[in-house]
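Participant: Sequence below, structure please.
(one chain, ligands or ions: 1)
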Amino acid sequence: MFYRPDTFAAALRLKADHAAAIKPISGGTDLVVGLNRGQSLGVDVLDLTAAKDYRRIDHADGSLILSGGTTFAQLEQLDIACLARAAASVGGPQIRNRGTIAGNLATASPAGDGSVALLALDAEVELAHADRGTRWLRLIDYFEDYRQTALGDDELISHVRIPTPSALQASAWYKIGKRGAVNISLVCAAAARFLDGRICLAFGSVAPIPMRAVQTEKLLQGQPLTGALLHQAAQAASAEVKPIDDWRASADYRKAMCAVLARRVLEQLQTDDERQMP
Ligand SMILES: Cc1cc2nc3c(=O)[nH]c(=O)nc-3n(C[C@H](O)[C@H](O)[C@H](O)COP(=O)(O)OP(=O)(O)OC[C@H]3O[C@@H](n4cnc5c(N)ncnc54)[C@H](O)[C@@H]3O)c2cc1C
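Facilitator: Residues are numbered from 1 along each chain as shown. As a prediction, the model looks like this:
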């Protein structure tokens, strides 16, 4: 069966009633790849694209609330450097026009560019159930293991909450891949500095999950971002990540690139005064 409800509430009802026996589809840019290869979903399909308000971005209580169906093309327009640049680095224009943030979080690829940028923003994800209501989770608690998340079989991703641009001092993004476009990251990094001074640093493709470098972040809190501290943070980040060898790159290469990218994204968070410091 193929369901295409016109409200998110109706989609939630179907998901709650059918649980794992129904598969949501947002942009289809992950799911349809498998279908094109001849894989069968083996379950009913729940198309979310007709659900009203599934592609909205709203302001609420000093945050931006992204509906799950927010596309990378929409994210590219935001005045939040790490997220806009991460979104702009995804696939080609067709993929960015269809691919959504809910799809990126549900797929939970370690290379998920949107997921990494959202981690650096210390985003929260809202998981919704027709009867139990909604629960907000910090993204750092949402990713559990390789392609495993806190999302229940009977839930949908409804929203993601991020800070407004005015709550951020600066943010940055960098991705290394094998080519300039339609580029899966060998390593990617995102960092954000909040107005209260807090710094978050996240990496992709260097662990079973998109990861926050929490040990490295501890070094950075409350300290001016001097050249010496950036050097220390780069070494710490390289030691903290846990990449594997695969056909795209070796673990050693990825570790070395984490040091380089940590430095690059943190340099973009420096104030003019900090840039003068050794
Ligand atoms: C050519 C190509 C290039 C790509 N390049 C990149 C890239 O550079 N970076 C990158 O990160 N990704 C890339 N991708 C992967 C893909 O585009 C992203 O992961 C995208 O975010 C998936 O979103 P979607 O809406 O298309 O997901 P879908 O394919 O619709 O769904 C993906 C998964 O999420 C689940 N899902 C969807 N919506 C919900 C919801 N609301 N609640 C719960 N579960 C849900 C689905 O059931 C499915 O398991 C690429 C894909 C292609 C085909």
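
Participant: if I pick the residue of the stretch 51-200 of the chain found nearest the ligand, what's in contact with it?
Facilitator: At 2.1 Å from the ligand, residue 103 is the closest residue in the stretch 51-200 of the chain, using C-beta to the nearest ligand atom. In short, each C-beta sits where N, CA and C put it, glycine included. For residue 103, the contact set (C-beta atoms under 8 Å, 6 or more residues apart in numbering) comprises 26-27, 29-31.

Participant: now the helix or strand hosting it: how far from the chain's centre is it?
Facilitator: Using DSSP states H and E, the element containing residue 103 is helix 101-107. Distance, stretch centre to chain centre, for helix 101-107: 8 Å (C-alpha atoms, centre = their mean, to the nearest Å).

Participant: residues in the stretch 51-200 of the chain within reach of the ligand, list them.
Facilitator: 68, 89-91, 95, 98-100, 102-104, 106-107, 112-114, 151, 156-157, 182-184 (C-beta under 6 Å from any ligand atom).

Participant: circling back: which one is the residue of the stretch 51-200 of the chain closest to the ligand nearest to, not counting chain neighbours?
Facilitator: Spatial nearest neighbour of residue 103, excluding adjacent residues (C-beta to C-beta, 6 or more residues apart in numbering): residue 26 at 4.5 Å.

Participant: longest helix in this structure, by residue count?
Facilitator: If you go by DSSP state H, the chain has its longest helix at helix 251-267.

Participant: Show me what the helix or strand just after it is in contact with.
Facilitator: Next helix or strand after helix 251-267 toward the C-terminus (DSSP H and E): helix 272-276. With contact meaning C-beta under 8 Å, 6+ apart, helix 272-276 is reached by 224-226, 267.

Participant: What number of residues are in the vicinity of the closest residue to residue 138 other than its chain neighbours?
Facilitator: Distances taken as C-beta to C-beta, 6+ apart place residue 124 nearest to residue 138, at 5.4 Å, with adjacent residues excluded. By other C-beta atoms under 10 Å, the residues close to residue 124 number 20.

Participant: who touches residue 124 in this structure?
Facilitator: Taking C-beta under 8 Å, 6+ apart, we find residue 124 in contact with 136-139, 160-161.

Participant: all strands in the stretch 151-278 of the chain, in order from the N-terminus.
Facilitator: Secondary structure of the stretch 151-278 of the chain (DSSP state E, counting those that start in this stretch): strands at 156-163, 168-177, 185-194, 199-204, 211-212.
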